[in-house]
Structure formats: structure tokens, C-alpha cells
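In: Structure for this input, please:
(chains A and B)
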Amino acid sequence: MSELSGLYALWYREVKVFLRERSRIISSIVNPIIWLVAFGGGLGSTISFGGADYQTFIFPGVLMLTVLFTSIFFGLYIVWDKRMDFFKEVMVAPLSRLTLFTGKMMGGCTDSLLQGSFLIIIGLFFNIKYTLYSLVLVIIFLLFLSAATTSLGLAIGAQLSSFEGFGLIQSFVIMPLFFLSGALYPLENLPEWLLIVTRVNPLTYIVDGMRGALLGLNHFPLWMDLGAALAFMVAMILAGTLSFMRMH
Amino acid sequence: MMIIETFGITKVFKTLVAVDHIDLSVEEGEIFGLLGPNGAGKTTLLSMLATILKPTEGTAKVNGYDVIHQPAKVRKSIGMVFQAPSSDELLTGWENLYLHAMMYGVPSHVRRSRIDEVLELVDLKDRAKYLVKTYSGGMRRRLELARGLLHKPKILFLDEPTLGLDPQTRSHIWDYIKRLSKEEGVTVLITTHYMEEADALCDRVAIIDHGKIRALDSPANLKMKVGKSMIKAKVKNPNVEVIRSLPYVSKVEAKDGNVTIILSEVGAHIQEVLCNLGEASFVELREPTLNDVFLQLTGRGIREESAEGWEEKLIQVRTNE
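Out: Sure, this is the predicted structure:
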């Protein structure tokens, strides 16, 4: 019982802090708009894919980008928490590490899903047509994505003791995950190496699934996209839990 | 009943033996002080008892639970106030307490009233709705004290609770800790390098240096055993020889009517000394302090050092591991 209320407390803290930091919310709305207007609009003036204009084509990718960045940085932020003594108080609380991890993870998911929903609304101004079916599918994909990437961030962050590794994580984890996912280009006619890499990247399936739901332009069958996203989430949650157990 | 017992508890950081085979028992309901300079091992000992650090060797029982094998039960039994500020700056004082209450399983129907109670005790009621980042150091400390008590723990660990506070706030917090131990029967384990604090607050004090207990007793007994008192008096014709023959007097000096007498237990013997000394026009007493005790045991005084020392050491240790 106290584990449950502890879980709620950890979640409540993250959401409270998130809603209090207006600057973060504003930048989370502005960044994707810049992507859509500048990148999508700029490149879209010369190219289009599968009958959809480029701006619309990358919308699922930008949605993924927003949630990916928010989630993974939220997770990595635990490095900061660990240095602040606030977290010491949480660490002495009579809560299991599993609860600690789950509370943090759910807090991070809520934050990035809120940002995702702002962007879904913004999508209306970029000619994205939603149906109940597509909306539900997109939200499921975003949920899997945010749970997986928050867990990934937490798993890495729990093992770090300073911010020194952040640049490396940006270069070797976040950027490759994003750019090698088909968020900005279609998966057809890729050179051999990129073809392989995109198929190994779990985010490929998430973008593909959302693109299929929103624009009807999917490369893989829906069950494959959903399965890959689900497997990614389960694996990352396991990794995060293990990492929290070993954290000290 | 012994509420805290340690059995040869030891912590080694690489080559530094921070806590060296300490055996200690704390009785239920007492205020027990760990007094020593920074780096003596007080905080390390406290952290092991709070299950934040694992002992290298030995173990301890807190509220009957083993710190190595039953950490969750130990944590439920204790409240902890850390040396460095540990409240969440991005939340209000009230929210900090509310989260703590939930994490420690305070039943929902008493949460609010309990929060009001502890806020009242530390005089923070009117600031409860403000973000902690707007608080002064003393206010944060009070909030953290309140938080440590929120779940009515059996034992309260206070790590340098008045570090960096002004004298008025400090004595206010002492009163509060005393009242709490009396009214609620909470056992208090406190680390400090302020000897006045140990003296004013503690029923018993363990003097720690280099990870070992050098002496353990009530402050009065410690001072009585080790420290010598001094009487300075102005006497026209002092009976120096009579005073010198008293068994508890160790030294007498007389010069131009100024007499200095070094003796033990001045309180018990002053009457006899003054009666035998002759007619005095002026008398001054100096009681031994815990610093004298420490001085005698270790050959140096308790240094006053910055608050950050310990925290930096811990971070260092963490990165080294």
C-alpha cells in the first residue's frame, strides 16, 4: 500500500515540476514547429513522398523526435537528482527500487505524452487529418516510445555520476536513434548499410507505424510495427529496472 | 531496551578506515550524540545505520532490524535529516511534506493534520505555500526537521542539524528536539562537532576520532572524569598548605593574593575549598568543557570546519567506486 502511494508521490512530483516549468513547455512546442516550418517547409518545396507533401511526411518523425528527446533527457536527468541531496531523501524512503524506477518512469512518460499531445494539436494546423482509429494508434505508439526511451535514459543515468558522458550519449545514442529511423526519409531505395541499420533501429518501426496510421504510408505491416515497439519497451524497462537495482 | 546496537561495524573507503570496529548501544528514548571533528567517521556511521552505506565488516541492529538484511524495515523506523539541504527546491514546503508523507506510508486521513502539526512545530505554517527555493538556510533546515518527524519514526537521525544556523535558530531547534524526545519518546541520534550542542542536548555522548570511540558517557561524567576545573580567587592570606593537602586538588598556585587551584569535580568540593582557603574578595570558577575532554583524549581541539567536507568526500567516494 505504501509502495503505491510512494509511486504516486514520485509521479506527482515529476508532473508538478514539469507543469511549473513554463519555459520547458514553451520550448517543447516551439522546437517541433521550427522543424515542421523550416525543415519540412524548406525541403518540402522541392520534394514529396508517396503523394504526401514533405511537411506532412515528416510530421510523425517530428512527433517521435519530440517524445524521444523529452523522454531520454528526463531519464538522464537522474544524474542531477543523484547529486542533489533531494534524491538522498528518496533513496532512504522505505520504497523498493522497482517502485522508485516505475514512479520516475511514469512521471517521464506523462511529461513527454503531454508534449506529444500539444504537438498532435499543432498537427491540425499542418493539414494532419485525425480519425479516432489513427489517434488511438498514434497514442499507443507514443506511449511505447516514451516508456522505452525514458527507461533507456534512466538506465544510463543511474550508472553515471557526472554530466561528462552527456556529449557521448548525444552522439552515440540519441542522434543515431533519430537520424537512422526513417523519421526524415522513406525506407525504400536505401543503400544497403542504411537499410540494415534502419531495420535494427526500433524507432524505425514506431515512426513507420505512426506514418501508417496518420498518412497510410507504411512500409511494414502494423503488427510488425506494434510488436517491435512493444518489444523495445519491455527490453528497456527491464534494463532500467536492473540499472536501478545496481544504483548506489 | 537497546534500540540501536552496532557489532564491530566498520567502513573502509579504499585505504581510509572511516569507521573502525565500533560497538555501540543506544537506549530507547535517549538523545545520543556522536561528537567529533569533521572526518572522524560520524556521518559514515550514521549512513550505515540509515542503510545508505553498506558496512565493509560487522553489522548493526536498528529498532531490532538488521541494517544489512532488513533495510526496508530499518528505513520505516527512522527519520533522517541530512547534513546538506535535501528538500526539493522546485516544490513548496507543503508539497515536500506531502510527498514525504506518501512515500513513508502515512495514512491518507491523517496526512494533512500531521503536516499541519509539524509545520506548527517549526513555525513554518505561513511559508508552507512558497517554493523552497525562496527559503533561507534556517527555514530549509526547519522544514527538513519537520519532514524527518512527519511519519513519527521511532528513531530520528540528525546529521549536524544546526550546522550554519544562527544562535537563535539553533537554540530554538535544540528546545524542539528535547521536547520531542520527551513527549514522543523518540530516540535521537545526532552527530555534531559543536560541543555546546552535545552538552546542551545529549543524554550521552560518544567522542569519535579517526573512526574509533574514544570515550562514552553523559556530558557531565565525561567532563568530570577527564576535565579539571579551576578556581581563581583573591585571598589576602591563603592557607595554601591546607588546600594542597586536600585529596582532589592537584595544583595550587598563589601569588600576590591571587590563588589558582586546579581540582576535580568543582561542584562537589567548592564549599570545602572556600571554607579552608580564607576570606576571599573575589572567586571565579571555570568548569571543564567537552572540548577539554576531547583535547585530553586526542591532544587537539575539535576543529570547526566547513559543511561541505563530508559531501565532497562522499561524491569522491562514489566516483571512485
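In: What count of nearby residues applies to residue 13?
Out: Just so you know, I chose chain A. For A:Arg13, the count of nearby residues is 24 (other C-beta atoms under 10 Å in any protein chain shown). C-betas here are computed from N, CA, C, even on glycine.
In: try again with chain B
Out: Neighbours around B:Phe13, by other C-beta under 10 Å: 17.
In: That one and chain A, how far apart?
Out: B:Phe13 sits at a distance of 13 Å from chain A (criterion: C-beta to the nearest C-beta, to the nearest Å).
In: Smallest distance to chain A belongs to which residue of chain B?
Out: Using C-beta to the nearest C-beta, the closest approach of chain B to chain A is made by B:Gly105 at 2.7 Å.
In: How confident is the prediction for that residue, by pLDDT?
Out: pLDDT for B:Gly105: 87.
In: A:Gly50 too?
Out: So A:Gly50 comes in at 73 (pLDDT).
In: dump the residue contacts of the nearest residue to it once chain neighbours are set aside.
Out: Nearest residue to A:Gly50 in three dimensions, chain neighbours excluded: A:Leu217, at 4.8 Å (C-beta to C-beta, 6 or more residues apart in numbering or on different chains). Each residue near A:Leu217 by C-beta atoms under 8 Å, 6 or more residues apart in numbering or on different chains is listed here: A:Phe49, A:Gly50, A:Ala52, A:Phe57, A:Pro186, A:Arg211.
In: burial count for the first one?
Out: Burial of A:Phe49 is recorded as 17 neighbouring residues (other C-beta under 10 Å).
In: where does chain B come near chain A, residue by residue?
Out: Counting by C-beta under 8 Å from any C-beta of the partner chain, chain B comes close to chain A at B:50-52, B:72-73, B:75-76, B:78, B:80, B:82, B:84-91, B:95, B:98-100, B:102-105, B:108, B:147, B:311, B:315, B:318-319, B:321.
In: Got a ChimeraX select line for the buried ones in those residues?
Out: To isolate the buried members of the residues of chain B next to chain A in ChimeraX, using 16 or more other C-beta atoms under 10 Å in any protein chain shown:
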select /B:50,51,52,73,75,76,78,80,82,84,85,86,87,88,90,91,95,98,99,100,102,103,104,105,147,311
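In: Mark which of the residues of chain B next to chain A are part of strands, please.
Out: Using DSSP state E, the subset of the residues of chain B next to chain A located in strands is B:Ile78, B:Met80.
In: what pLDDT does A:Ala148 get?
Out: Turning to A:Ala148, the model gives it a pLDDT of 97.
In: typo on my end, B:Ala307
Out: At B:Ala307, pLDDT is 43.
In: in a strand, that's where B:Asn237 is, yeah?
Out: No. With DSSP: H, G, I helix; E, B strand; the rest coil as the criterion, B:Asn237 is coil rather than part of a strand.
In: Enumerate every residue touching the closest residue to it other than its chain neighbours.
Out: In space, and not counting its chain neighbours, B:Asn237 is closest to B:Gly278: 5.6 Å by C-beta to C-beta, 6+ apart. Applying C-beta under 8 Å, 6+ apart, we find B:Gly278 in contact with B:Val235, B:Lys236, B:Asn237, B:Pro238, B:Asn239.
In: now the residue of chain A found nearest chain B, nearest residue through space, not along the chain?
Out: For chain A, the residue closest to chain B is A:Ser2, as judged by C-beta to the nearest C-beta, at 2.7 Å. Nearest non-adjacent residue to A:Ser2, counting by C-beta to C-beta, 6+ apart: B:Gly105, 2.7 Å away.
In: And the contacts of the one helix or strand B:Glu183 maps to?
Out: Using DSSP states H and E, B:Glu183 sits within helix B:167-184. When contacts are defined by C-beta under 8 Å, 6+ apart, helix B:167-184 is touched by residues B:29-31, B:121-122, B:138, B:141-142, B:145, B:149, B:152, B:156, B:158, B:161-162, B:165, B:186-188, B:190, B:197, B:200-201.
In: repeat that for 10 Å
Out: Helix B:167-184 is contacted from outside by B:29-31, B:121-123, B:136-139, B:141-142, B:145-146, B:149, B:152-154, B:156, B:158, B:161-166, B:186-188, B:190, B:194, B:196-197, B:200-203, using C-beta atoms under 10 Å, 6 or more residues apart in numbering or on different chains.
In: Now intersect these with the helices, please.
Out: Members of these lying in helices (criterion: DSSP state H): B:121, B:137-139, B:141-142, B:145-146, B:149, B:196-197, B:200-201.
In: and those residues, which are buried?
Out: Of the members of these, the ones counted as buried by neighbours, 16+ other C-beta under 10 Å, are B:Leu121, B:Gly138, B:Met139, B:Arg141, B:Arg142, B:Leu145, B:Ala146, B:Leu149, B:Glu196, B:Glu197, B:Leu201.
In: Save those as a markdown table, and put in pLDDT too.
Out: Listed next are those as a markdown table, based on pLDDT from 0 to 100:
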| residue | pLDDT |
| --- | --- |
| B:Leu121 | 79 |
| B:Gly138 | 79 |
| B:Met139 | 87 |
| B:Arg141 | 84 |
| B:Arg142 | 86 |
| B:Leu145 | 86 |
| B:Ala146 | 89 |
| B:Leu149 | 86 |
| B:Glu196 | 85 |
| B:Glu197 | 88 |
| B:Leu201 | 91 |
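In: just how off-centre is stretch A:37-46 within its chain?
Out: With C-alpha atoms, centre = their mean, to the nearest Å as the basis, stretch A:37-46 stands 24 Å off its chain's centre.
In: Same question for it: list its buried residues.
Out: Buried positions in stretch A:37-46, judged by neighbour count with 16+ other C-beta under 10 Å: A:Phe39, A:Gly40, A:Gly44.
In: So which of those sit within helices?
Out: Mapping those onto helices (DSSP H) picks out A:Gly44.
In: so where is the stretch 201-321 of chain B shaky, pLDDT-wise?
Out: Low-confidence segments of the stretch 201-321 of chain B (pLDDT under 70): B:226-227, B:299-321.
In: Tell me which stretches of it form helices.
Out: For the stretch 201-321 of chain B, the helices defined by DSSP state H, counting those that start in this stretch occupy B:219-226, B:240-245, B:266-277, B:290-298, B:308-320.
In: In a markdown table, list the ones you listed along with distance to A:Arg24.
Out: Shown next, in a markdown table, are the helices of the stretch 201-321 of chain B (distance: least, C-beta to C-beta, whole Å):
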| stretch | distance to A:Arg24 |
| --- | --- |
| helix B:219-226 | 52 |
| helix B:240-245 | 77 |
| helix B:266-277 | 64 |
| helix B:290-298 | 51 |
| helix B:308-320 | 27 |
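In: which residues touch the closest residue in space to B:Arg147 that isn't next to it in sequence?
Out: Leaving aside its chain neighbours, B:Arg147 sits nearest to B:His100 (4.9 Å; criterion: C-beta to C-beta, 6+ apart). B:His100 is in contact with A:9, A:89-90, A:93, B:79, B:87-88, B:106, B:111, B:115, B:118, B:144, B:146-148, B:150-151, counting by C-beta under 10 Å, 6+ apart.
In: Help me confirm that A:Phe244 comes into contact with A:Ile156.
Out: No. Here A:Phe244 does not reach A:Ile156: they are 11.7 Å apart, not a contact under C-beta atoms under 10 Å.
In: Now do the SS call for residue 19.
Out: Reading this off chain A. helix.
In: other chain: chain B
Out: strand.
In: ok now do it, which residues does it touch?
Out: The contact partners of B:Val19, taken as C-beta under 10 Å, 6+ apart, are B:6, B:9-13, B:40-48, B:53, B:55-58, B:208, B:210-213.
In: Narrow those residues to just the buried residues.
Out: Judged by 16+ other C-beta under 10 Å, buried ones among the contacts of B:Val19: B:6, B:9-11, B:13, B:40-48, B:53, B:55, B:58, B:208, B:210-213.
In: Can you give the distance of the helix-or-strand element of chain A with minimal mean pLDDT from its chain's centre?
Out: Least confident helix or strand of chain A, by mean pLDDT, DSSP states H and E, is helix A:86-92 with a mean of 78. Its chain's C-alpha centre and that of helix A:86-92 lie 26 Å apart, by C-alpha atoms, centre = their mean.
In: swap in stretch B:225-241?
Out: Averaging C-alpha positions (C-alpha atoms, centre = their mean) puts stretch B:225-241 32 Å from its chain's average.
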